[in-house]
Each structure stands twice: as structure tokens, then as C-alpha cells.
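[1] can you look at this prediction? I've put the sequence above it.
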Amino acid sequence: MTETSGLAVRGLRKAYGDHVAVDDVSFTLAPGSSLGIVGESGSGKTTTVRMLVGLERADAGSVTLDGRDRSAGTRRGGPRRAERLARAREIQMVFQDPYLSLDPRITVGGCVDEVLRLHFRLGPAARRARVAELLDQVGLGPREAAALPRALSGGQRQRVAIARALAAEPRVLVLDEAVAALDVSIQAQILELLTGIRRDAGIGYLFVTHDLGVVRHITEEVVVLRHGRVVESGATDRVLGAPEHPYTRLLLDSVPRRGWDPARIDGARAAAGGPRP
Ligand SMILES: Nc1ncnc2c1ncn2[C@@H]1O[C@H](COP(=O)(O)OP(=O)(O)OP(=O)(O)O)[C@@H](O)[C@H]1O
């Protein structure tokens with residue numbers, strides 16, 4: 001990746017009072033590639049991506065997309081609305097629970113249409129066609145388009161959330177535990193769908209998850225966070241296949257499987273430096 005293409009995160013830091021949630025986190029995401037951010041609960045994954053999408057202000061560090069500084073332009077009064085909108089469009093987020101992020105009073109088609117109206121100058125007929133196309137891309141048809149979110153299954157709702165994110169034509173899609181609430185078979189369907197979209201659209205994925213199976217399935221590179229710091233990063237196959245840091249080994253050993261022994265995990269945790277004091 002050249003310095004000017006893709007997403008580059010450098011030295012991000014965020015403290016809440018005297019608790020440092022994210023500490024000097026850096027990584028890059030090439031256009032169309034897929035990066036996993038893994039770590040235990042409280043390791044700083046969500047705080048990191050919230051800073052990328054502007055839901056949280058970083059204390060230090062920078063985020064650039066295709067060479068443009070996303071924190072720049074904060075001159076007096078902040079960036080102009082058009083700039084802010086353009087920036088918001090570039091990185092879209094899909095959350096764990098689409099039910100909470102979808103307006104219960106607006107039909108599925110209407111909620112995708114909202115995004116088109118916000119970001120693009122399209123007439124009603126063009127918007128209708130684009131809504132149908134986006135829903136079709138995620139495997140939903142006219143029946144679902146006319147329904148309210150509560151009439152859909154969890155997997156269908158997550159498809160709506162993905163269609164809505166894609167409507168903005170982002171460069172990067174941040175998926176924060178986006179399949180965690182779904183049944184395993186539905187998870188697999190959504191992961192397949194996302195894999196296909198990435199291939200076709202060349203959108204970069206940032207996958208926040210505690211599920212190493214998901215990481216193995218969908219990411220090319222991975223960053224391991226612990227207590228807000230990057231302890232290991234690299235190609236997913238290498239990091240999961242031959243982890244170098246004791247904490248990564250601990251995460252791998254913590255996945256329940258045949259012959260799994262919780263007592264061994266406690267021993268490994270002590271070796272990795274124990275819980276935070
Ligand atoms: N708004 C906030 N105010 C105070 N502390 C916060 C806030 N948001 C996060 N934290 C703290 O920052 C640390 C990192 O939290 P974060 O949610 O980023 O972790 P995570 O790795 O995403 O965890 P999980 O997998 O449970 O979502 C935690 O110790 C958390 O308690």
C-alpha cells in the first residue's frame with residue numbers, strides 16, 4: 001500500500017479520566033482488504049473504531065483515508081457541512097444489533113432511501129431503482145422493502161444494515177461484532193455475503209470481533225489489542241497459526257473446543273502478564 005491509498009491509523013490514543021482505553025494504536029487497511037481487530041472485552045476495540053468514524057474524539061494520533069487527514073479541517077467552527085457529510089460517507093459502520101440502529105417506524109426501503117437522499121442528488125425514480133438494487137445485493141426483495149424492521153428476522157435486519165451502509169458507497173466498512181448476535185448458520189450466510197461484496201465493490205473491511213473463527217474466515221490481516229495497546233499484528237494465517245505473543249496464544253487457547261481445559265487458560269493468563277492490576 002502506498003502512503004496515500006487506503007486507511008492509515010497512527011498513534012491513536014483515548015483516555016477516560018485516568019483510564020487509558022486506547023494507547024498508541026496504529027494500523028493500515030489497503031483498499032479492498034480486510035483487517036480484524038481482536039482482543040478481550042474491554043481491550044479497546046470499540047473505542048478505536050468509534051474514533052475512526054468520528055463518534056469519539058481522539059486525544060492523540062491521526063486517521064487518514066487515501067492521504068486525506070480525517071481529523072483535519074477542524075478550523076474555527078469545524079469543517080463545512082458538505083465536508084463533514086463527505087467524510088461520514090467514506091467510512092460506514094455496521095453494529096452488532098441492527099434492531100437498535102434501525103428506526104422502527106420506517107420501512108426497510110425507506111431507511112435505505114434516507115441514506116441516498118442524504119448523500120446523493122437523485123430523483124425519486126432513480127432512488128427507487130437504487131434502493132431495489134441495494135436490497136437485492138443483500139438478498140432482500142420488494143416484500144422486505146415494504147416491511148418494518150420488526151417484521152424481519154435478525155439475519156434479515158443485519159442485511160438491511162449492510163445495504164444501508166453500502167448505500168453511502170463507502171471506502172471502508174467497519175463491522176463491530178456485526179455477526180455476534182446471529183445463529184451460526186446465519187452468521188455463515190452474512191459472512192459469505194460480505195465476502196462477495198468486498199470482492200465486487202473493493203470496499204475495505206475493518207472487522208471488530210472477539211470471535212477468532214470469524215477472523216480466520218473473513219480477514220487477511222489482524223491486529224491483537226490488549227489493555228488498549230497492539231500486542232501483535234500481521235497476516236491472519238501467521239498470527240493465528242504461529243502466534244508470537246503469549247496473549248495471542250491465550251486468546252487462541254480460550255476458544256472452547258474438544259479437550260479444552262479452563263485451568264490451562266488460567267496458567268496461560270498468568271504467563272501473559274495476568275489480569276490488569
Ligand atoms: N464512554 C466511556 N467512559 C468511560 N470508560 C469507557 C467509555 N467507553 C469505553 N470505556 C472503557 O474503555 C475500555 C475499552 O472499552 P471498549 O468498549 O473499547 O472495549 P472493547 O474491546 O470494545 O470491549 P467489548 O468487546 O466488551 O465491547 C474499557 O475499560 C471501558 O470500560
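    Received it, and whenever you're ready, just let me know what you need. Given the structure is predicted, the values throughout are model-derived calculations rather than measurements.

[2] how about the residues of the stretch 151-277 of the chain near the ligand?
    H210 (C-beta under 6 Å from any ligand atom). For glycine as for every other residue, the C-beta is placed from the backbone atoms N, C-alpha and C.

[3] report the closest residue of the stretch 151-277 of the chain relative to the ligand.
    H210 (5.6 Å; C-beta to the nearest ligand atom).

[4] contacting residues around that residue?
    38-41, 177, 180 (C-beta atoms under 8 Å, 6 or more residues apart in numbering).

[5] list the buried residues of stretch 134-149.
    134-135, 137-138, 140, 144-145, 147, 149 (16 or more other C-beta atoms under 10 Å).

[6] re the thing from before, state the pLDDT value of the residue of the stretch 151-277 of the chain closest to the ligand.
    In this model, H210 is scored at 86, pLDDT.

[7] sticking with V222, tell me its helix or strand.
    strand 221-226 (DSSP states H and E).

[8] S71: what secondary structure?
    Of the three states, S71 takes coil under DSSP: H, G, I helix; E, B strand; the rest coil.

[9] which residues of the stretch 51-200 of the chain fall in strands?
    For the stretch 51-200 of the chain, applying DSSP state E, counting those that start in this stretch gives strands covering 60-65, 68-69, 91-94, 172-176.

[10] lowest-confidence stretch among these?
    strand 68-69 (a mean of 88).

[11] counting by contacts, list what that one packs against.
    Contact partners of strand 68-69 among helices and strands, from 3 or more C-beta pairs under 8 Å, 6 or more residues apart in numbering; DSSP states H and E: none.

[12] contacts for that strand, please.
    62-63.

[13] follow-up on the earlier one: including mean neighbour count, could the strands of the stretch 51-200 of the chain go into TSV?
    Shown next, in TSV, are those (neighbours: other C-beta atoms under 10 Å):
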stretch	mean neighbour count
strand 60-65	18
strand 68-69	12
strand 91-94	23
strand 172-176	24
